[in-house]
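**Q** Dropping the sequence and predicted coords here.
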Amino acid sequence: MKYIFVTGGVVSSLGKGLTAAALGALLELRGLKVRIQKFDPYLNVDPGTMSPYQHGEVYVLEDGAETDLDLGHYERFTSGKLSRLNSLSSGQIYESVIQKERRGVYLGKTVQVIPHVTNEIKERFYAGGKDVDVLITEIGGTTGDIEGLPFLEAMRQFALEMKPKDVIFIHVTLVPFLAAAGELKTKPTQQSVAKLREIGIQPHVLVCRCDHPLGTELRDKLSMFCNVPVKAVIECRDVDSSIYQLPLALQKEGMDELVLDLLGFSIPEPKKNIWIEIVRRLLHPRHEVTIGVVGKYIELQDAYKSVYESIAHAGIANTCRVNVRRIDAEDLERKGGTRLLRGLDGILVPGGFGDRGTEGKIEAARYARERGVPYFGLCLGLQIAVIEVARDVLRLPGANSTEFDPKCADPVINMMEEQKAITDKGATMRLGSYDCALLPGSLAARAYGETLIRERHRHRYEVNNAYLDLLKRVIVVSGINPTRNLVEIIELRDHPWFVAVQFHPEFQSKPNRAHPLFAAFIAAAIRHGRRAGAARGGRGRRP
């Protein structure tokens, strides 16, 4: 069992998670079983109650754990499925330590950061890596942050307890280019590594984030002042087109060979590299479509991170360049706002909470229904579609969700019964993976190629079954939860492709294995684009 720790220095948002994920992908190519986990120093128990503006999307695991979006990168780049054991925060650590103290586990001892907090962290190092060859642990935050010190101390102790070739440290750092000086500067990296060495951690590898090439002179300088071999100074520049070019970029720098050598592995290069084909499909598409994503956090890239990545995966599967048009749902509520939807080959409404922008999303669903534009609704996107159909086709003007209007005349979307008595916000929704039985012959069943699936959920509200018979005049319920008869998937009759789901399929999509519904959605968008082009006779804009 081998352990890799990934830390970050100088500034946040350097791409530690992507570096860990890409390294995991390269190690998997060599036949190793890899797992990646994230330890975050913040005091929240998990990100479940944090605003997307604070933390980006909440990524839900198979077992219902609400985690950091980096775990999405880990699952997308590698084949393993993660669990709540692979997501840890300071909040969880301190909560566990205090609960043990209350139960008398420490037998009257003074409870301290060392050894009690650090021991708790180390236990998770051991627990997270069962049944794998390599466990990669990313430490969130930036070296020098006060809240991260217990994690770094636990890492130092852990390395001391293990054999020399069982643990390596990788430090992702910034080498900025100063335009006034016309050169890259190594001093921030030197200072960041010095901080680690003060604690007792010597990095084995430096991953240098930079926007200009690292020349031989700079590599030699970083090697000397940071006490790492020159071959362990890895240049990591921004990739040209897609994050899925990163494994090949790191491989070109020799990072996989270096890490294998440091860990004592002798494994030949793989005969086949799936990332070459993935990048080829990305860079040489045969089709092109434009998809509108209608949301309320649209200005924030990370709020719908898994959605955007899943769209990209579907593009890879269809050898299609997918242009994403981000549309603020509130803009659709203004007079003439639907002009923003013109020319789209598909419309996607992602999940969300609260009533801001909901009327704009309903407008988007109406536009897709009336004009035959492929529509894909995720979680809230299903509820939006149901409300629109109830209002505009079934003539129930008071149709709404009790989330948006608790006293609405026709609550076609209602809170689940078991949720009504819950007052706590954290980890109390319907979370994790549940069965869904598909209607044979439906669009969903054809996309999946099977009739029983499992998908991940994160919601409190569901389609109100009291309205189901009425709704079925217009929609097809093509997926239900077989144990509770909850609506999971709906489709629209007499529409080329209109599918909405109560779950989050974006959490199970990978670049080499696009989620079936996303792949089918982009395929439908390609067909729509062809029809629209034929109707125009090759002239003018789409209607």
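**A** Happy to help now that I have it.
**Q** Look up which residues are beta-bridged to residue 137.
**A** Applying DSSP bridges to residue 137 yields these beta-bridge partners: residue 5, residue 37.
**Q** In this structure it contacts residue 2, no?
**A** No - under the criterion of CB atoms under 8 Å, residue 137 is not in contact with residue 2, lying 11.5 Å apart. Every residue, glycine included, has its C-beta placed from N, CA and C.
**Q** List the buried residues in the worst-scoring helix or strand of the chain on mean pLDDT.
**A** Across the helices and strands of the chain, the lowest-confidence element by mean pLDDT, DSSP states H and E is helix 52-55, at a mean of 76. Under the neighbour-count criterion of 16 or more other CB atoms under 10 Å, helix 52-55 has 52, 55 buried.
**Q** Where does pLDDT dip in the stretch 401-543 of the chain?
**A** For the stretch 401-543 of the chain, residues meeting the criterion pLDDT under 70 lie at 418-428, 536-543.
**Q** All the helices of it, in order from the start?
**A** In the stretch 401-543 of the chain, the helices defined using DSSP state H, counting those that start in this stretch lie at 443-448, 468-471, 516-536.
**Q** Out of those, which is closest to residue 264?
**A** helix 516-536 (40.1 Å; CB to CB).
**Q** Which elements pack onto that closest one?
**A** strand 287-295, helix 305-317, strand 320-328, strand 346-349, strand 375-378, helix 443-448, strand 498-501 (3 or more CB pairs under 8 Å, 6 or more residues apart in numbering; DSSP states H and E).
**Q** what residue is smack in the middle of the protein?
**A** For the chain, the residue nearest the mean C-alpha position is residue 72 (3.4 Å; CA atoms, centre = their mean).
**Q** Quick check: the gap between that residue and residue 456.
**A** Noted for residue 72: a distance of 11 Å to residue 456, by CB to CB, to the nearest Å.
**Q** Mutual contacts of these two, please.
**A** Common contact partners of residue 72 and residue 456 (CB atoms under 8 Å, 6 or more residues apart in numbering): residue 507.
**Q** Could you export the helices and strands packed on helix 516-536 to TSV, including columns for distance to residue 65 and mean neighbour count?
**A** Conversion of the helices and strands packed on helix 516-536 to TSV gives the following (distance: least, CB to CB, whole Å; neighbours: other CB atoms under 10 Å):
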stretch	distance to residue 65	mean neighbour count
strand 287-295	24	22
helix 305-317	15	24
strand 320-328	28	18
strand 346-349	25	28
strand 375-378	19	29
helix 443-448	25	20
strand 498-501	21	26
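**Q** Columns distance to residue 491 on top of the ones you listed, output as a markdown table?
**A** A markdown table is the format used below for the helices and strands packed on helix 516-536 (distance: least, CB to CB, whole Å):
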| stretch | distance to residue 491 |
| --- | --- |
| strand 287-295 | 19 |
| helix 305-317 | 18 |
| strand 320-328 | 22 |
| strand 346-349 | 15 |
| strand 375-378 | 10 |
| helix 443-448 | 5 |
| strand 498-501 | 5 |
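**Q** which residues touch the closest residue to residue 229 other than its chain neighbours?
**A** In this structure, residue 229 finds its nearest non-sequential neighbour in residue 223, 6.3 Å apart by CB to CB, 6 or more residues apart in numbering. Residue 223 makes contact with 229-230, 232-233 under the criterion CB under 8 Å, 6+ apart.
**Q** Would you tell me which of the helices of the stretch 401-543 of the chain gets closest to residue 323?
**A** Of all the helices of the stretch 401-543 of the chain, helix 516-536 comes closest under CB to CB, at 10.6 Å.
**Q** For stretch 354-373, output the C-alpha coordinates as PDB.
**A** Extracted in PDB, the C-alpha atoms of stretch 354-373 (Å, rounded to 0.1, in the frame of the first residue of the first chain):
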ATOM      1  CA  GLY A 354     -35.100  28.600  -4.000                       C
ATOM      2  CA  ASP A 355     -37.600  30.500  -6.100                       C
ATOM      3  CA  ARG A 356     -35.200  33.000  -7.700                       C
ATOM      4  CA  GLY A 357     -35.200  32.600 -11.500                       C
ATOM      5  CA  THR A 358     -37.800  29.800 -11.500                       C
ATOM      6  CA  GLU A 359     -40.200  31.700 -13.800                       C
ATOM      7  CA  GLY A 360     -37.400  32.100 -16.300                       C
ATOM      8  CA  LYS A 361     -36.700  28.400 -16.200                       C
ATOM      9  CA  ILE A 362     -40.400  27.700 -16.800                       C
ATOM     10  CA  GLU A 363     -40.200  29.900 -19.900                       C
ATOM     11  CA  ALA A 364     -37.200  27.900 -21.100                       C
ATOM     12  CA  ALA A 365     -39.200  24.600 -20.700                       C
ATOM     13  CA  ARG A 366     -42.200  26.200 -22.500                       C
ATOM     14  CA  TYR A 367     -39.900  27.300 -25.300                       C
ATOM     15  CA  ALA A 368     -38.400  23.800 -25.700                       C
ATOM     16  CA  ARG A 369     -41.800  22.100 -25.600                       C
ATOM     17  CA  GLU A 370     -43.500  24.400 -28.100                       C
ATOM     18  CA  ARG A 371     -40.700  24.600 -30.600                       C
ATOM     19  CA  GLY A 372     -39.500  21.000 -30.500                       C
ATOM     20  CA  VAL A 373     -36.100  21.800 -29.100                       C
END
